[in-house]
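Q: sequence unknown, structure follows:
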């Protein structure tokens, strides 16, 4: 009955110059076949469209948000899924991989009112896709503005010198604050890195001058310390040299004294032996001593006479007496 109704409708729209013949059953059969084929094509096309619309494939690390009649229904995990055509639709596909967001340089003011520019890099990933899509209109813009606000706030708590040495502290504080703030958006902030902190031109020039002054100061200090060390080393070396010289001189004097003592001792021993020999010849120790004394006197006079220096010799009766006695003793010894 439905096919007949379809054919009757088709007959109503057939042009007049293609009239339907009631006398030729072959032509009527062909027309009926064509009328029956049109709904099949339509049904097949609709079925194919419904089949392709119901099959959804989600890639690895991706997730699809599905709505039913405009309301959130479910999230499709990676794999093959079937949905109801014309009822369910995939609203958006999101990735759960870690993403990198580059924060452009922004002007900031430090605690000591020093202007500078700072930028950062944020690493984040989506944990709950439905919150990331429905909680905020533009997720990346929201994260960017939040990072900029927190970055300015943290730099404003530090002085200019502290901003260069407290990057790890700034990164830790930003990560903690951003992770708490973005939790309602279904986002996990994994890492925040402050990349560049660039002061303005005037501050850079002042810092360069300060650094040059510090280098000059360190150079002067190092030079003075080197000179002081050199002076100390030279003084210690000179003192040690003098001490060595004094020790050497003392050792030389000691050795010379020992030599003189040994010489005197040997001379005394020789004199003693000589006196003993003279005493043995003369038989009188007093006369032997006088003989030895006269001998030494003659040797001394002889040394004075041989020396080239000008000298004045004073002779006395006592010396003549000693000389005559010495000659007498010599004659006595030669006679014996």
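A: Sure, I can see it. Everything numeric here is computed off the predicted structure, so don't read it as measured data.
Q: Check what pLDDT residue 122 gets.
A: Confidence at residue 122, expressed as pLDDT, is 91.
Q: Check whether the nearest residue to it once chain neighbours are set aside sits in a helix, strand or coil.
A: Spatial nearest neighbour of residue 122, chain neighbours left out: residue 101 (4.5 Å); criterion: CB to CB, 6 or more residues apart in numbering. For every residue, glycine as well, the C-beta is placed using N, CA and C. Classification of residue 101 using DSSP: H, G, I helix; E, B strand; the rest coil returns strand.
Q: Tell me who's in contact with residue 101.
A: Applying CB atoms under 8 Å, 6 or more residues apart in numbering to residue 101 gives the contacts 121-124, 140, 143-144, 147.
Q: same deal with residue 92?
A: Listed by CB under 8 Å, 6+ apart, the contact set of residue 92 reads 64-65, 133.
Q: and of those residues, the nearest to residue 168?
A: Nearest to residue 168 among the contacts of residue 92: residue 133, at 33.9 Å, using CB to CB.
Q: Provide a list of residues in contact with residue 98.
A: 123-125, 190.
Q: follow-up on the earlier one: which ones among the contacts of residue 92 map onto strands?
A: 64-65 (DSSP state E).
Q: coming back round to it: output the contacts of residue 101 in a markdown table; the columns should cover distance to residue 75.
A: A markdown table is the format used below for the contacts of residue 101 (distance: CB to CB, whole Å):
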| residue | distance to residue 75 |
| --- | --- |
| 121 | 28 |
| 122 | 24 |
| 123 | 23 |
| 124 | 19 |
| 140 | 20 |
| 143 | 21 |
| 144 | 25 |
| 147 | 27 |
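Q: Most neighbours out of those, which is it?
A: Per-residue neighbour counts (other CB atoms under 10 Å) across the contacts of residue 101 peak at residue 147, which has 25 neighbours.
Q: got the phi/psi numbers for that one?
A: When quoted as degrees, to the nearest 10, the phi and psi of residue 147 stand at phi -60, psi -40.
Q: Now for it: which residues touch it?
A: Neighbours of residue 147 in contact, by CB under 8 Å, 6+ apart: 101, 103, 120, 122, 174, 178, 192.
Q: between these, which is closest to residue 88?
A: Of the contacts of residue 147, the one sitting nearest to residue 88 (CB to CB) turns out to be residue 101, at 31.6 Å.
Q: Which pLDDT value belongs to the closest one?
A: pLDDT at residue 101 comes out at 85.
Q: thought residue 89 was touching residue 65?
A: No: under the criterion of CB atoms under 8 Å, residue 89 is not in contact with residue 65, lying 9.9 Å apart.
Q: Of the two, which one has the most company?
A: Neighbour count, other CB under 10 Å: between residue 89 and residue 65, residue 65 has more, with 20 against 17.
Q: mind listing what the more buried one touches?
A: Counting by CB under 8 Å, 6+ apart, residue 65 touches 72, 75, 90-94, 129-130, 133.
Q: please redo it, this time with the cut-off set to 6 Å
A: Counting by CB atoms under 6 Å, 6 or more residues apart in numbering, residue 65 touches 75, 91-92, 129, 133.
Q: quick one: which of the residues you listed is most hemmed in?
A: Greatest neighbour count in the contacts of residue 65, by other CB under 10 Å, goes to residue 129: 21 neighbours.
Q: phi, psi of that residue?
A: Dihedral angles (degrees, to the nearest 10) for residue 129: phi -60, psi -40.
Q: can you pull the pLDDT of it?
A: Looking at residue 129, its pLDDT stands at 89.
Q: if we can go back for a sec, return the member of the contacts of residue 98 nearest to residue 84.
A: Using CB to CB, the contacts of residue 98 come closest to residue 84 at residue 125, 30.6 Å.
Q: out of everything not next to it in sequence, what's closest to the closest one?
A: residue 98 (4.6 Å).
Q: How about stretch 54-61, which residues are buried there?
A: Buried residues in stretch 54-61, counted by 16 or more other CB atoms under 10 Å: 56, 58.
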